[in-house]
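K.L.:
sequence-free structure coming up:
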């Protein structure tokens, strides 16, 4: 079964040879970047650096991209200037993701890259992850999900490939630790980031 899914992933990259990856440095995006490189795709990784990402996350993403021989482009943004994100409404994740993917689409267009990918997998549920609506609306492809690879399979395959982070604790956006409606600030995010 996994072999069928991996063959579909290979076919995906044979059809999409020049891609940008929304790269967080987490297990899913690392596996996606690794496999894109393995299957011969020309890959640029885009890391969005906002108040929600730590310097440690950026450094880990840069290190992994470098180890894979992929160019990582850092896109800085002030997420608090986006809509009402700072007010932390129930659709904060959707608004934030929409901003991120609009920035990536602009960069990809400038870089002449026709397809943007993200690391969502077949276990990701849109009802529990409202930001996924932004993927659909912005035309972002999710090859792991399209090929039917679940989170468990991605972690198992990452371990088999010897990729770092397959068993690391998941990094969660610090904003999700605050109740909706509680206004965000850099100070609050830093305070709860390492709880």
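P.N.:
Alright, I've got the coordinates. Just so it is clear, the structure is predicted and the values come from calculations on it, not from any experiment. Residues are numbered from 1 along each chain as shown.
K.L.:
could you pull out the helices for the protein?
P.N.:
Ranges of helices in the chain, per DSSP state H, are 2-15, 27-38, 55-67, 92-111, 132-138, 143-146, 151-161, 186-193.
K.L.:
quick one, which of these is nearest to residue 172?
P.N.:
helix 186-193 (9.5 Å; CB to CB). Heads up, the C-betas are built off the backbone N, CA and C, glycines and all.
K.L.:
Could you count how many residues lie near residue 159?
P.N.:
Applying the criterion other CB atoms under 10 Å, we find 12 residues in the vicinity of residue 159.
K.L.:
swap in the one 4 residues further on?
P.N.:
Using other CB under 10 Å, residue 163 has 20 neighbouring residues.
K.L.:
where does stretch 158-168 sit relative to the chain's centre, distance-wise?
P.N.:
Centroid separation for stretch 158-168 versus its chain: 17 Å, with CA atoms, centre = their mean, to the nearest Å.
K.L.:
What residues of it count as buried?
P.N.:
Going by neighbour count (16 or more other CB atoms under 10 Å), the buried part of stretch 158-168 is 158, 163, 165-166.
K.L.:
Which one of these is nearest to residue 33?
P.N.:
Ranked by distance to residue 33 (CB to CB), the buried residues of stretch 158-168 are led by residue 163 at 9.5 Å.
K.L.:
Same list (the helices of the chain) but as CSV, adding mean pLDDT and distance to residue 123.
P.N.:
Formatted as CSV, those follow (pLDDT from 0 to 100; distance: least, CB to CB, whole Å):
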stretch, mean pLDDT, distance to residue 123
helix 2-15, 94, 13
helix 27-38, 96, 10
helix 55-67, 94, 22
helix 92-111, 94, 17
helix 132-138, 90, 12
helix 143-146, 96, 9
helix 151-161, 94, 4
helix 186-193, 85, 25
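K.L.:
Select, out of the ones you listed, the one closest to residue 76.
P.N.:
Checking those against residue 76 by CB to CB gives helix 92-111 as the closest, at 9.3 Å.
K.L.:
which strand is the longest one in the protein?
P.N.:
strand 42-49 (DSSP state E).
K.L.:
Pull the residues that contact it.
P.N.:
Applying CB atoms under 8 Å, 6 or more residues apart in numbering, the set of residues contacting strand 42-49 from outside is 17-25, 29, 33, 36-37, 53, 58, 61-62, 65, 70-77, 100, 103-104, 107-108, 111, 113, 116.
K.L.:
In contact with the closest residue to residue 26 other than its chain neighbours, which residues?
P.N.:
The shortest distance from residue 26 to any residue other than its chain neighbours is 6.1 Å, reached at residue 171 (CB to CB, 6 or more residues apart in numbering). By CB under 8 Å, 6+ apart, the contact list for residue 171 reads 24-26, 57.
K.L.:
Which residues does stretch 75-95 contact?
P.N.:
Residues outside stretch 75-95 that contact it (CB under 8 Å, 6+ apart) are 46-52, 96, 99-100, 103-104, 107, 129-131, 133-134, 173, 175-176, 178-185.
K.L.:
if we go to 6 Å?
P.N.:
With contact meaning CB atoms under 6 Å, 6 or more residues apart in numbering, stretch 75-95 is reached by 46, 48-51, 96, 99, 103, 130-131, 133-134, 180, 182, 184.
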